[in-house]
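In: from the sequence below, what's the structure:
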Amino acid sequence: GKRITSHGLNLLEAPGNDLVSVTALSAGGAHIVLFTTGRGTPFGGPVPTVKISTNSELAAHKRNWIDFNAGQLLEGKNMEALSGELLDYLLQVASGDQQTRNERNGYREIAIFKDGVIL
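Out: Model prediction:
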């Protein structure tokens, strides 16, 4: 990872593997990671790792891992309302008023490298 030097919003790109990418984003200076998932994962990076489920079944079955259920959109929830809820949640996490599941569970992991192909 290489530190970001410009101020304001910066978007980073990293390898696709869960743990390697979050480690790279954190090393680059990310303060929070939004992680979308369709299968769920308990891991957390060195920074708050907000896990966003793509479906409500996952959110229900892995509620100790998932921070936000975006699957509600497929069940008729209005995009504007759901986006507002996500933004409110992210502001609470960023301000330190709310912890992500990985923070509450004590999951803080890094992966410097991984042998083999990283998709």
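
In: mind checking the SS state of residue 83?
Out: The three-state label given to residue 83 by DSSP: H, G, I helix; E, B strand; the rest coil is helix.

In: low-confidence ranges, the protein, go.
Out: 1-2, 12-16, 113-119 (pLDDT under 70).

In: give the burial count for residue 112, as a bare number.
Out: Taking other Cβ atoms under 10 Å as the criterion, the count of residues near residue 112 is 10. All C-beta atoms are positioned from the backbone trio N, CA, C, and that covers glycine.

In: distance of residue 10 relative to residue 110?
Out: According to Cβ to Cβ, to the nearest Å, residue 10 and residue 110 sit 20 Å apart.

In: quick check: closest non-adjacent residue to residue 32.
Out: residue 48 (4.9 Å; Cβ to Cβ, 6 or more residues apart in numbering).

In: test my guess that residue 33 contacts residue 49.
Out: Yes. In this structure residue 33 lies within contact range of residue 49 using Cβ atoms under 8 Å: 4.8 Å.

In: neighbour count winner among these two?
Out: A side-by-side neighbour count of residue 33 and residue 49, using other Cβ under 10 Å, places residue 49 first with 28 against 22.
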